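Asker: just a sequence and a predicted model for now, questions to come.
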Amino acid sequence: MEEDKRLYMEFLNGNQASFETIVDKYIHRIIYFIFGFVKKFDVAEDLAQDVFVYLLVNKENYNFDYNLKTYLYMIAKCRAFNYLNKMKKLNELSFEDYQNSEEIEEIEEIEEKIFDNIRDKNLHEAIIKLKPKQARILYLAKIEELKIKEIAEILNLSENDVKISIHRGIRKLKKIIGEEDDLYV
């Protein structure tokens, strides 16, 4: 049994510290992932907290046949989309409203925690130059190291679409970075 599943099982058996370990491990990654959709740091933080509250409250919904990391990203995507749909209905969604220097500094701090070595930082800087959908797919594949099937489930795409996006994204990244080797991708 993988570590995340073991930790969650320990939590289900009464070990609160195991749940806190899961939260500590994924909170910054989930915030960053959600921010990619909502473009507002405080909202991304709140939605990330909702992801873990959902996991805490709806214990019976997690199927141990699946990767806990994948499950968390699926919940995160749903929370982000629900928020965006709500904002769209309220007709308040504006990219300019979501940007301010304090939020940008907070996101940079999270990026620093996630991309903690130079190679990952260089890859991240290249990834953000891609189209948002392709950037999300490559982030999940190369930074979060999720499998194609897991990415397809999280983003509600076919596995073939994910494979094509990864292949095309890698080609674009090589052009952006100017390397012809395997570029860690």
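Answerer: Here it is on my side, so go on. Keep in mind that this is a model prediction, so the values were computed, not measured.

Asker: put the alpha carbons of stretch 65-75 into CSV.
Answerer: The C-alpha coordinates for stretch 65-75 follow below in CSV (Å, rounded to 0.1, in the frame of the first residue of the first chain):
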residue,chain,number,x,y,z
ASP,A,65,-8.3,1.3,-5.4
TYR,A,66,-7.4,4.8,-6.6
ASN,A,67,-4.4,7.0,-5.9
LEU,A,68,-5.1,9.5,-3.1
LYS,A,69,-3.1,12.2,-4.9
THR,A,70,-5.4,11.7,-8.0
TYR,A,71,-8.5,11.9,-5.8
LEU,A,72,-7.3,15.1,-4.2
TYR,A,73,-6.7,16.8,-7.6
MET,A,74,-10.1,15.7,-8.8
ILE,A,75,-11.8,17.2,-5.8
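
Asker: in it, which residues are buried?
Answerer: Going by neighbour count (16 or more other Cβ atoms under 10 Å), the buried part of stretch 65-75 is N67, L68, K69, T70, Y71, L72, Y73, M74, I75. The C-beta positions use only the backbone N, C-alpha and C, and glycine is treated the same way.

Asker: run through who's touching stretch 5-23.
Answerer: M1, D4, F52, L55, L56, K59, Y62, F64, L68 (Cβ atoms under 8 Å, 6 or more residues apart in numbering).

Asker: and for the fourth one, the neighbour number?
Answerer: Here the count is done by other Cβ atoms under 10 Å, and L55 has 21 residues near it.

Asker: what is the host helix or strand of it packed up against?
Answerer: According to DSSP states H and E, L55 maps onto helix 41-57. On a contact count with 3 or more Cβ pairs under 8 Å, 6 or more residues apart in numbering; DSSP states H and E, helix 41-57 meets helix 16-38, helix 68-90, helix 101-114.

Asker: circling back: and which of the buried residues of stretch 65-75 is nearest to Y139?
Answerer: The nearest member of the buried residues of stretch 65-75 to Y139, counting by Cβ to Cβ, is Y73 at 10.4 Å.

Asker: and N156, backbone torsions?
Answerer: Note on N156: backbone dihedrals following degrees, to the nearest 10 are phi 60, psi 50.

Asker: contact partners for I30?
Answerer: Contacts of I30 by Cβ under 8 Å, 6+ apart are A48, V51, F52, L72, Y73, A76.
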